[in-house]
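> Dropping a prediction and its sequence here:
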Amino acid sequence: MSVLVVVECDGGEVKKSSLEVASYGSQVAQMLGTTATAVAVGEATEANLAQLGEQGITKVLYDAEPRLKDFVNGAYTKLIAAAAQQEDAKVIVLANSNIGAAVGSRLSVRLQASLVTNVIELPKNEGGQFTVKRGAFSGKALADVVLSSDRKILAVKKNSIEALHEAGKTAQVESFSAQLTDADFADAPKQVIMQEQTGGVLLPEADKVVSGGRGMKGPENWNLIEDLAKALGAATACSKPVSDVDWRPHHEHVGQTGITVSPNLYIACGISGAIQHLAGVNSSKVIVVINKDPEAPFFKAADYGIVGDVFDVLPKLTQAVKELG
């Protein structure tokens, strides 16, 4: 029996959320007295996969089928299920990402496994009960879930577990074939439209996020957001009204109907703080709000607030960050 960790890769690199998942999986394996094996999905390199040893992974299974470079639900599900059956994995851990959400439900049916999403803590295995804690109602409540099935699937919320880094450790990378056929790629998209994201940090994986709202008054002022993001090494984001009027692309829209983020630092500039926006960012470790309206609802959710005009505050804040660093 082992713990199987699903590792998402993009452009040859292991995603940050998957480093967290690998650390989580290795700690679960240690708790259960077994080992953690990873199965890689997406475009990966053997050297980067071997580095998963730093997160406590002992072995990595990698299927070099070229069509697995891009996400295909049916093929990914079959691949992970085959790896779980080969390794006799009773616990499967993946990220609570778009891929994890899509694959997790299918895996649950295929493997007859319990599925818990939005997991925020290591499980407890006491008195014959396997219990996990998850966030509920957009982070407004917590729930303890008892899993009684033989197999269990845990989708771990991003930034809820700190990634381990044990320098010098490497994982053994093994070739693996799930015997995929053309039928497994039947639900592959017929056309993929790539939209390049500005900036160097992917929003779903970002550790810091600088976000703008209608208070920025127009796309021509977005350089203020981008300058601060560049100084911090952060991703840029926006509120729904901003993407609705095409000031910014929709892949930067953060909120209940957009991307949900969990960075260590979220800076909201000129965003009033509608409940739908808060639902997408309230898992951030630290929230900083900049708004000239002292009654803006966002201040109630903020760890730090600056009452002031973003056009005055942002240049000074950017300069201060540069001087510090």
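In hand now; what should we look at? Bear in mind the structure is a predicted one, so any value in this text is a computation, not a measurement. Numbering: from 1, shown residues only.

> helix, strand or coil for the nearest residue to residue 42 once chain neighbours are set aside?
Excluding the flanking residues, the one nearest residue 42 by CB to CB, 6 or more residues apart in numbering is residue 9, at 3.9 Å. C-beta here means a position set from N, CA and C on the backbone, and glycine is covered the same way. Remark: residue 9 carries the secondary structure label strand [criterion: DSSP: H, G, I helix; E, B strand; the rest coil].

> show me what contacts residue 9?
With contact set as CB atoms under 8 Å, 6 or more residues apart in numbering, residue 9 has these partners: 15, 18, 40, 41, 42, 43, 44, 48, 49.

> One more: residue 84?
So residue 84 contacts 4, 92, 107, 111, 151 (CB under 8 Å, 6+ apart).

> picking up where we left off before, how near is the residue nearest to residue 42 to residue 22?
12 Å (CB to CB, to the nearest Å).

> cool, residue 82 as well?
Residue 82 sits 20 Å away from residue 22, going by CB to CB.

> Okay, domains of this protein per the record?
Under the assignment automatic domain parsing, the domains of the chain span 2-185, 198-324.

> Just give the nearest non-adjacent residue to residue 121, would you?
In space, residue 121 is closest to residue 133, 4.4 Å off (CB to CB, 6+ apart).

> these two touch, right, that neighbour and residue 118?
No. If you go by CB atoms under 8 Å, residue 133 and residue 118 don't touch, sitting 9.5 Å apart.

> okay, the domains of the chain in JSON lines with mean pLDDT next?
Converted to JSON lines, the domains of the chain look like this (pLDDT from 0 to 100):
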{"stretch": "domain 2-185", "mean pLDDT": "94"}
{"stretch": "domain 198-324", "mean pLDDT": "94"}
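
> Only alpha carbons, please: show stretch 96-108 as PDB.
Extracted in PDB, the C-alpha atoms of stretch 96-108 (Å, rounded to 0.1, in the frame of the first residue of the first chain):
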ATOM      1  CA  ASN A  96      -7.700  21.500  -5.600                       C
ATOM      2  CA  SER A  97      -7.100  23.000  -9.000                       C
ATOM      3  CA  ASN A  98      -9.100  23.100 -12.300                       C
ATOM      4  CA  ILE A  99      -7.400  19.800 -13.200                       C
ATOM      5  CA  GLY A 100      -7.900  18.300  -9.800                       C
ATOM      6  CA  ALA A 101     -11.600  19.300  -9.800                       C
ATOM      7  CA  ALA A 102     -12.200  17.700 -13.200                       C
ATOM      8  CA  VAL A 103     -10.300  14.500 -12.600                       C
ATOM      9  CA  GLY A 104     -11.200  14.000  -8.900                       C
ATOM     10  CA  SER A 105     -14.900  13.300  -9.500                       C
ATOM     11  CA  ARG A 106     -14.100  10.800 -12.300                       C
ATOM     12  CA  LEU A 107     -11.500   9.100 -10.300                       C
ATOM     13  CA  SER A 108     -13.900   8.800  -7.400                       C
END
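
> If anything else comes up later, I'll come back, but that's it for now.
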